[in-house]
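Colleague: Turn this into a structure:
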Amino acid sequence: MAFIGKDEVAKKLGLLDGTAFLRRRERLQAKHDFPLPMPTQRRPLLWRSEEIDTWVKANGKPEIDKEVQPARINGALLRYAATA
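Modeller: Numbers count the residues shown, from 1 in each chain. As a prediction, this is how the structure comes out:
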């Protein structure tokens, strides 16, 4: 049984990074029955990899917020261009 963190969950969901996943986490849990993290008092939060895989198979990947993703990507491109 493998446990994964927010960045790995984000990859499985097709999101940019762990922060993008955490912004959607509560909504996914409340409206789409997304798996809860493992109960622990320590950080970081961890999820069972196979639970995430099962959820993605049943529900598909969530839609990417069109307003959030391009702005984040454009910011990264602008920073890269400034160093070129």
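
Colleague: contacting residues around Lys61?
Modeller: Leu13, Gly14 (Cβ atoms under 8 Å, 6 or more residues apart in numbering). For every residue, glycine as well, the C-beta is placed using N, CA and C.

Colleague: Is it located within a helix, as I assumed?
Modeller: No - with DSSP: H, G, I helix; E, B strand; the rest coil as the criterion, Lys61 is located in coil rather than a helix.

Colleague: Tell me, what's the model's pLDDT at it?
Modeller: Note for Lys61: predicted pLDDT of 89.

Colleague: Also the one 4 residues further on?
Modeller: pLDDT recorded at Asp65 is 55.

Colleague: Quick one: neighbours of Leu13, just the number.
Modeller: 20 (other Cβ atoms under 10 Å).

Colleague: again, but for the one 10 residues further on
Modeller: By other Cβ under 10 Å, 12 other residues sit near Arg23.

Colleague: Would you check how far apart Gln29 and Trp47 are?
Modeller: Distance of Gln29 to Trp47, given as Cβ to Cβ, to the nearest Å: 11 Å.
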